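>>> predicted coordinates and the sequence they were generated for:
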Amino acid sequence: MDYQFAPTVRLQGKYNFFEGYSAIIAELSRDARFAPGKVIAFETYPGSDEKLLQAALLDAFSDALVFSSETLFLPRLAYEKMVARNLTDDRVFGVMSNHQLREFIDPSGQKKLQRQLADANQKLVIIYGMGASLVTAADQVVYVDVPRWEIQLKMRAGEVANWRCDNAGTDSEQLIKRGFYLDWPIADRYKKELLSTVDYVLELHRKQPVMMRGEEYRSAMKEVVNQPFSLVPFFDPGVWGGHWMQQTFNHRQEEINLAWSFNGVPEENSLLLEAQNHTFETPGTNLLLLAGEELLGPRVYGRFGDSFPIRFNFLDTVAGENLSLQVHPKLSYIQNVFGLPYTQDESYYILHAEPEASVYLGTKSGVTKEELMAALKAAQAPETGFDSEAYIYRRPAAAHDHFLIPAGTIHSSGKGMVVLEISATPNRFTFKMWDWGRVDLNGRPRPVHLEHAEKNIDLRCNQHFVEKELCNQFEVLATGDGWREERTGLHELEWIETRRHRFTVPVIHENPYGVNVLNLVSGEKAIIDSPDGEFEPMTITYAQTVIIPAQIMRYRITPMGDCERTPCMTVKAFIR
């Protein structure tokens with residue numbers, strides 16, 4: 001199958017890509033600001049490989065004085081005291097930081113660095129690290145960036161630490177937790193300030209480093225939000241993972257399984273920009289920081305700001321196992337306890353199902369919270385199990401069913417399915433209640449969160465409610481010769497709307513809503529183009545996720561391949 005593992009966003013303008021250390025050094029050196037008496041700041045995102053930066057690039061400037069920004073900030077014990085409440089003692093959950101980077105500046109450290117700079121005797125000065133340009137006014141700023149998923153891979157491999165920590169090689173889940181709640185929110189706020197003025201943007205994480213000029217990078221972001229685009233998907237094994245994606249996409253078949261594919265999450269995925277036969281990989285979240293209103297639309301941006309509110313990902317349990325029984329926090333709970341503005345409402349759209357596939361959704365009618373929690377607490381003892389059939393409603397599932405899951409609804413994907421999960425973006429707030437007695441891929445017991453779960457379970461979401469309001473709420477909205485549009489959800493308690501189109505002829509999509517996210521859930525290929533010629537046509541393949549920026553008010557999707565044998569279907573989501 002011709003699945004796109006590295007979809008590029010083709011740029012029409014002329015861009016300069018400086019590829020390789022020699023080309024990067026030559027470009028920086030040509031700039032008049034890269035001279036004796038000048039200060040150059042290499043700003044780094046937490047998780048950037050600063051050792052590689054220094055060895056492969058900064059050491060090439062042998063006449064320069066090189067300083068780390070580390071001295072700028074408070075001693076580590078003072079820093080840890082300031083952020084302790086964000087990190088908590090919980091293995092999984094923290095509280096989202098709202099700190100600004102400047103809060104951690106140590107005035108004595110800043111003065112020490114500034115005295116050292118004053119003694120530079122007209123030498124070229126290079127300062128590197130997060131906050132490098134806060135030490136003193138820099139004549140030139142280079143931003144060294146890295147996608148968030150790449151950071152997580154390096155944390156697992158023991159290659160990078162958290163910001164201001166010497167914890168590389170320790171428990172990667174704790175490193176990722178600290179990144180999610182602390183490092184990355186702080187860094188993203190600071191990055192938003194910098195991106196509008198930086199002189200260069202540099203990516204080091206691929207084999208060949210590539211750099212762009214700042215003004216050209218910003219122009220590229222404006223191009224991206226004027227065309228449909230896909231993000232670079234990533235795939236990951238999991239304890240319950242299956243083999244459908246490995247076989248269907250012919251991808252990473254040597255691994256134990258593939259449980260996840262995140263393919264529509266700018267905060268996690270990256271953009272691969274292409275021009276003049278060069279590519280440049282950059283975090284998808286930068287698009288929000290530089291062109292958020294153009295991407296989301298004024299109405300959605302006014303509501304969600306720099307947060308992308310819609311998440312598409314796959315869950316694969318074919319020849320795998322059930323997901324944990326879980327629940328997501330209600331809105332007031334996630335706001336008050338974790339400091340996030342919105343919660344993880346979601347849905348399961350069934351992309352593929354084996355004959356015996358089923359979903360767990362809500363409780364059996366008549367079950368009380370007291371007896372449910374007593375059974376779940378008893379199940380935590382090694383010799384005791386949990387009788388899910390006695391308490392949780394299990395329903396058969398088939399391809400192209402759509403199950404709606406408002407926050408507070410107990411749920412799980414059973415084995416034998418591939419789920420297209422359509423949800424709000426917060427992705428770490430899953431309260432596991434029962435995990436079938438499993439350990440994780442590292443052999444550790446999987447954590448459960450009964451205290452959080454108990455406060456969020458909504459027993460109104462029982463069998464009767466599920467069948468009446470959460471299963472296949474399909475409503476035909478419009479039909480034509482060779483096409484049909486249906487509303488498939490989400491529930492009125494959720495703020496994402498989903499629409500399904502079944503078509504054998506070209507279909508026009510009118511878009512007054514803001515950003516659209518869609519996936520080709522049936523059919524071999526399709527072409528997305530503009531009836532008015534506003535952007536270049538884009539070919540998409542089965543199971544590919546595409547983001548349609550809000551500035552595209554009208555687009556057309558044309559089926560390709562044998563439509564009589566396999567009609568095309570898309571599912572798209574937008575904010576009501």
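Received the coordinates, thanks. Numbers count the residues shown, from 1 in each chain.
>>> element containing Asp89?
If you go by DSSP states H and E, Asp89 is not part of any helix or strand.
>>> again, but for Arg502
strand 496-503.
>>> so what touches that strand?
By CB atoms under 8 Å, 6 or more residues apart in numbering, the surrounding residues in contact with strand 496-503 are 309-310, 345, 347, 349, 402, 422-424, 474, 477, 482-490, 507, 509, 513, 521-522, 557, 559, 567-576. Where C-beta positions appear, they are placed from N, C-alpha and C, glycine not excepted.
>>> mind checking which of the residues you listed are buried?
Among those, those classed as buried by 16 or more other CB atoms under 10 Å are 309-310, 345, 347, 349, 402, 422-424, 483-486, 488-490, 507, 509, 513, 521-522, 557, 559, 567-575.
>>> tell me the mean pLDDT for stretch 221-237?
In this model, stretch 221-237 has a mean pLDDT of 97.
>>> buried ones in it?
Under 16+ other CB under 10 Å, the buried positions of stretch 221-237 are 221, 223-225, 227-236.
>>> which ones among those map onto helices?
221, 223-224 (DSSP state H).
>>> ok, Ile40 - contacts?
Here Ile40 is in contact with 28, 33-34, 64, 124-127, 138-142 (CB under 8 Å, 6+ apart).
>>> quick check, it in a strand?
Yes - under DSSP: H, G, I helix; E, B strand; the rest coil, Ile40 falls within a strand.
>>> for Leu58, see how far away it is.
9 Å (CB to CB, to the nearest Å).
>>> who's in contact with stretch 67-82?
Residues contacting stretch 67-82 (CB under 8 Å, 6+ apart): 50, 99, 103-106, 109-110, 112-113, 116-117, 125-132, 134-135, 164-165.
>>> okay, and which of those residues map to strands?
125-128 (DSSP state E).
>>> so which strand or helix has the residue of the chain most remote from its centre?
Distance from the centre of the chain peaks at Asn121, with 45.9 Å (CA atoms, centre = their mean). Using DSSP H and E, Asn121 is not contained in any helix or strand.
>>> cool, His452 as well?
Per DSSP H and E: helix 450-454 holds His452.
>>> returning to that earlier point: list the neighbouring strands of the strand holding Arg502 plus their orientation.
strand 483-489 (antiparallel), strand 568-575 (antiparallel) (DSSP bridges).
>>> for this protein, which spans come out with low pLDDT?
1 (pLDDT under 70).
>>> kindly report the domain assignment for it.
For the chain, automatic domain parsing gives the domain ranges 9-224, 234-470, 475-575.
>>> need those in TSV (columns: distance to Tyr3).
Converted to TSV, these look like this (distance: least, CB to CB, whole Å):
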stretch	distance to Tyr3
domain 9-224	17
domain 234-470	4
domain 475-575	6
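>>> circling back: overlap of the contact sets of Ile40 and Leu58?
64, 126.
>>> so what touches the helix or strand that comes right after the strand holding Arg502?
Next helix or strand after strand 496-503 toward the C-terminus (DSSP H and E): strand 507-510. Applying CB under 8 Å, 6+ apart, the external contacts of strand 507-510 come out as 483, 485, 501, 516, 531, 548, 553-558, 572.
>>> turn the strands paired with strand 496-503 into CSV, columns for distance to Arg189.
Output for those, formatted as CSV (distance: least, CB to CB, whole Å):
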stretch, distance to Arg189
strand 483-489, 34
strand 568-575, 23
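>>> Gln380 is nearest to which of those strands?
Proximity to Gln380 (CB to CB) singles out strand 483-489 among these, at 33.8 Å.
>>> what's in contact with the closest one?
Under CB under 8 Å, 6+ apart, the answer for strand 483-489 is 347, 349, 402, 404, 472-479, 496-505, 507, 571.
>>> mind checking which of these are buried?
Going by neighbour count (16+ other CB under 10 Å), these have 347, 349, 402, 404, 473, 496, 498-503, 507, 571 buried.
>>> so which of those comes closest to Gln246?
Tyr349 (20.6 Å).
>>> now do the same contact list for the closest one.
400-402, 419-422, 488, 498, 521, 571.
>>> so which helix or strand takes in it?
Going by DSSP H and E, Tyr349 is in strand 346-353.
>>> now do the helix or strand following that strand against strand 346-353, angle only.
On the C-terminal side of strand 346-353, the nearest following helix or strand under DSSP H and E is strand 358-363. What separates the directions of strand 358-363 and strand 346-353 is an angle of 160 degrees, with axes from the mean of the first three to the mean of the last three CA atoms, to 10 degrees.
>>> kindly export strand 358-363 (C-alpha atoms) in CSV.
Backbone C-alpha positions of strand 358-363 (Å, rounded to 0.1, in the frame of the first residue of the first chain) are rendered in CSV as follows:
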residue,chain,number,x,y,z
SER,A,358,-16.4,-5.0,20.3
VAL,A,359,-16.1,-1.8,22.3
TYR,A,360,-16.6,-1.3,26.0
LEU,A,361,-18.7,1.8,26.5
GLY,A,362,-20.5,3.0,29.6
THR,A,363,-21.8,0.9,32.5
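>>> Gln227 reaches Leu11, doesn't it?
No - using CB atoms under 8 Å as the test, Gln227 is too far from Leu11 to be in contact (9.4 Å).
>>> what are the ranges of the helices in the stretch 251-400 of the chain?
Secondary structure of the stretch 251-400 of the chain (DSSP state H, counting those that start in this stretch): helices at 285-296, 298-304, 331-333, 369-378, 388-391.
>>> Lys415 is nearest to which of those helices?
Of all the helices of the stretch 251-400 of the chain, helix 388-391 comes closest under CB to CB, at 12.9 Å.
>>> what residues sit buried inside that closest one?
In helix 388-391, counting by 16+ other CB under 10 Å, buried: 388, 391.
>>> now for that helix, which elements pack on it?
Using 3 or more CB pairs under 8 Å, 6 or more residues apart in numbering; DSSP states H and E, the elements in contact with helix 388-391 are helix 369-378.
>>> how about 6 Å then?
On a contact count with 3 or more CB pairs under 6 Å, 6 or more residues apart in numbering; DSSP states H and E, helix 388-391 meets no helix or strand.
>>> find out how far that helix is from the centre of the chain, if you would.
34 Å (CA atoms, centre = their mean, to the nearest Å).
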